[in-house]
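Participant: Give me the fold of what follows.
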Amino acid sequence: MTIHISVFPRTTEKAYGQSKNNVYVFDAPVTANKQEIVAAIEAQYGVKTTGIKTLVQTGKAIRFSKGKRAQPGITNHKDSKKAYVTLAEGNKINVFDEVAAAETNAKAEKKEKK
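Facilitator: Numbers count the residues shown, from 1 in each chain. As a prediction, the model looks like this:
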């Protein structure tokens, strides 16, 4: 039985810096294991992976007020899982190139309006 999961690339400054070294960062379901994450990335993006590292980031405890005379309550954010995936030589995922292309198109349109 094959399980289909969805993984989403993280678009942060740290992830952008890692992508220059051919390492891409993805958000994955907490219940997914490494083999499922690699299979999902190879299926969604059509690339070959050589390595993967995962980490589970536990959710922070948050205090909230239940009212004026009640004691404050405590809840937690959800846990999240990150996957650092190393791609094979020659493979690339255009996560940040699309954003840069959109920004240059927007700048060109502004210049044309002037």
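Participant: Which helix or strand contains residue 50?
Facilitator: Secondary-structure assignment from DSSP states H and E places residue 50 in strand 49-57.
Participant: Check the protein for me, the residue farthest from its geometric middle.
Facilitator: Of all residues in the chain, residue 69 has its C-alpha farthest from the mean position, at 41.1 Å, by Cα atoms, centre = their mean.
Participant: which stretches of this protein aren't confidently modelled?
Facilitator: For the chain, the stretches with pLDDT under 70 are 1-3, 98-103, 114.
Participant: Which residue ranges of it form strands?
Facilitator: For the chain, the strands defined by DSSP state E occupy 8-9, 23-28, 49-57, 61-64, 73-76, 80-87.
Participant: hmm, who's touching the longest one?
Facilitator: Same thing as strand 49-57. Here strand 49-57 makes contact (Cβ atoms under 8 Å, 6 or more residues apart in numbering) with 28, 30, 34, 37-38, 41-42, 79-88. For glycine as for every other residue, the C-beta is placed from the backbone atoms N, C-alpha and C.
Participant: for the fifth one, same thing?
Facilitator: The list of residues contacting strand 73-76 from outside it, by Cβ under 8 Å, 6+ apart, reads 59-66.
Participant: so residue 83 touches residue 23, yeah?
Facilitator: No - counting by Cβ atoms under 8 Å, residue 83 stays clear of residue 23, with 10.4 Å between them.
Participant: Tell me which of the two has more neighbours.
Facilitator: residue 83 (22 against 16; other Cβ atoms under 10 Å).
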